[in-house]
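# Next input, structure requested:
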Amino acid sequence: MFFNKKVKRVLDVEKAEKEFEERMEEVELDKKDRPAMVIAALIVFIPALLLVLGVFLGVIWLMFGRHLY
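Down below sits the predicted model:
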């Protein structure tokens, strides 16, 4: 099987989580890493949230709002 290692990792979730936690304990974050991660998350999530909000508002306007004019 080509992806035997990946299949085993998916099937044994507890072992994969334990290995991940062990690897993360070894990683030391710098002082500026946390703000960088927050800024990166905002850059990724805000446009997606605005797009979803725009779609919802567009559908609501098409259903209810255009009849008011």
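
# State the pLDDT value of D12.
pLDDT, D12: 80.

# typed the wrong thing, it's K18
Looking at K18, the pLDDT reads 89.

# tally of neighbours for it?
Neighbourhood size, K18 [other CB atoms under 10 Å]: 11. Glycine gets a C-beta too; all of them are placed from N, C-alpha and C.

# Now it, what are its backbone angles?
Backbone geometry at K18, expressed as degrees, to the nearest 10, gives phi -60, psi -40.

# Tell me which residues touch it, please.
Residues near K18 by CB atoms under 8 Å, 6 or more residues apart in numbering: none.

# gap between the helix or strand encompassing V55 and the chain center?
Element membership of V55 [criterion: DSSP states H and E] is helix 33-63. Distance, stretch centre to chain centre, for helix 33-63: 12 Å (CA atoms, centre = their mean, to the nearest Å).

# buried stuff in it?
By neighbour count on 16 or more other CB atoms under 10 Å, the buried set for helix 33-63 is empty.

# So what's the model's average confidence on that helix?
95.

# what's it packed up against?
If you count contacts as 3 or more CB pairs under 8 Å, 6 or more residues apart in numbering; DSSP states H and E, helix 33-63 packs onto no helix or strand.

# CA atoms only: put the helix or strand E25 falls within into CSV for me.
Per DSSP H and E, E25 falls inside helix 13-26. The C-alpha trace of helix 13-26 is given here as CSV (Å, rounded to 0.1, in the frame of the first residue of the first chain):
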residue,chain,number,x,y,z
VAL,A,13,-5.5,9.1,16.6
GLU,A,14,-4.4,8.9,20.2
LYS,A,15,-0.9,7.9,19.2
ALA,A,16,-0.7,10.7,16.7
GLU,A,17,-1.9,13.3,19.2
LYS,A,18,0.7,12.0,21.7
GLU,A,19,3.5,12.3,19.2
PHE,A,20,2.3,15.8,18.2
GLU,A,21,2.3,17.0,21.8
GLU,A,22,5.8,15.5,22.4
ARG,A,23,7.1,17.4,19.3
MET,A,24,5.5,20.6,20.4
GLU,A,25,7.0,20.5,23.8
GLU,A,26,10.5,20.5,22.2
